[in-house]
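S.K.: Sequence and predicted structure, then a few things I'm wondering about:
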Amino acid sequence: QVQLVESGGGLVQAGGSLRLSCAASRGTFSEASVGWFRQAPGKEREFVAVISWEFGSTYYADSVKGRFSVSRDNAKNTVYLQMNSLAPEDTAVYCCAADYIGRGSHRENDYETWGQGTQVTVSS
């Protein structure tokens, strides 16, 4: 069974940048859409971004559009989330998830495989 492992989280000052990685082990991202979601303390998990595997189409939540960028490296079976101009409200646990039907969805119920998440903390 495919496992997803996130990395790259940490503590950063407001205005800074981080790049998260989501690597697939025991399998590949072939034909999957890969989404990023985040959950802040006391809040529900929310959609951040998604990238389709075949054409690399992307879609972003309004709250991150223009600041975050999702990309993938097929050869490395890895998806990246580049986060720029970070703000304290971006503080959350960030998880990647794979949808092997490839719907490119923003709905978390459409994703069947999830990583454990990585903490991102933005200080003011």
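M.R.: On my side now, so go ahead.
S.K.: For the residue nearest the centre of the chain, which residues are in contact?
M.R.: Centroid-nearest residue in the chain: residue 36, 2.5 Å away (criterion: Cα atoms, centre = their mean). Neighbour list for residue 36: 20, 22, 47-50, 70, 79, 81, 94-97 [criterion: Cβ atoms under 8 Å, 6 or more residues apart in numbering]. (Glycine included, C-beta is placed from N, CA and C.)
S.K.: Please verify my assumption that residue 106 contacts residue 45.
M.R.: No: in this structure, residue 106 is not within contact of residue 45 by Cβ atoms under 8 Å, at 11.6 Å.
S.K.: ok so, going back, which residue comes closest to the residue nearest to the centre of the chain once chain neighbours are left out?
M.R.: Leaving out its chain neighbours, the residue that sits closest to residue 36 by Cβ to Cβ, 6 or more residues apart in numbering is residue 48, at 4.2 Å.
S.K.: where does the one you found land in three-state SS?
M.R.: Per DSSP: H, G, I helix; E, B strand; the rest coil, the local secondary structure of residue 48 is strand.
S.K.: tally of neighbours for it?
M.R.: 24 (other Cβ atoms under 10 Å).
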